[in-house]
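The sequence isn't on hand, but the structure is:
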């Protein structure tokens, strides 16, 4: 694909870099970094401070914090949800 794996730190970070030998259209970015922030409050704080650009699975009181912050935009879409009950 247009990016290739540069580094992976378990439960911390995944770093991708542009794959210059990719046959298709070249990406406009040099790379992408995915920071794994397991604590929802820390993730929203990182969003609000500008340390990260995108946060996933914003729930509870954090949704209201994001909605009220003029620098942020909360995007929501209905999604498929699966639940399992094992007896």
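Yep, it's here. Predicted model, so just to flag it, every value in this text is computed and none were measured.

ok, now which ones touch residue 34?
Residue 34 is in contact with 13, 14, 15, 16, counting by C-beta atoms under 8 Å, 6 or more residues apart in numbering. Heads up, the C-betas are built off the backbone N, CA and C, glycines and all.

where's residue 18 relative to residue 24, distance?
Remark: distance between residue 18 and residue 24 (C-beta to C-beta, to the nearest Å) = 12 Å.

quick check: mean pLDDT across the lengthiest helix in the chain?
When the chain is parsed with DSSP state H, its longest helix is helix 40-49. Helix 40-49 carries an average pLDDT of 94.

From the chain's centroid, how far away is it?
Distance of helix 40-49 from the chain centroid (C-alpha atoms, centre = their mean, to the nearest Å) equals 12 Å.

Quick one: list the elements packing against it.
Packing partners of helix 40-49 (3 or more C-beta pairs under 8 Å, 6 or more residues apart in numbering; DSSP states H and E): helix 61-68.
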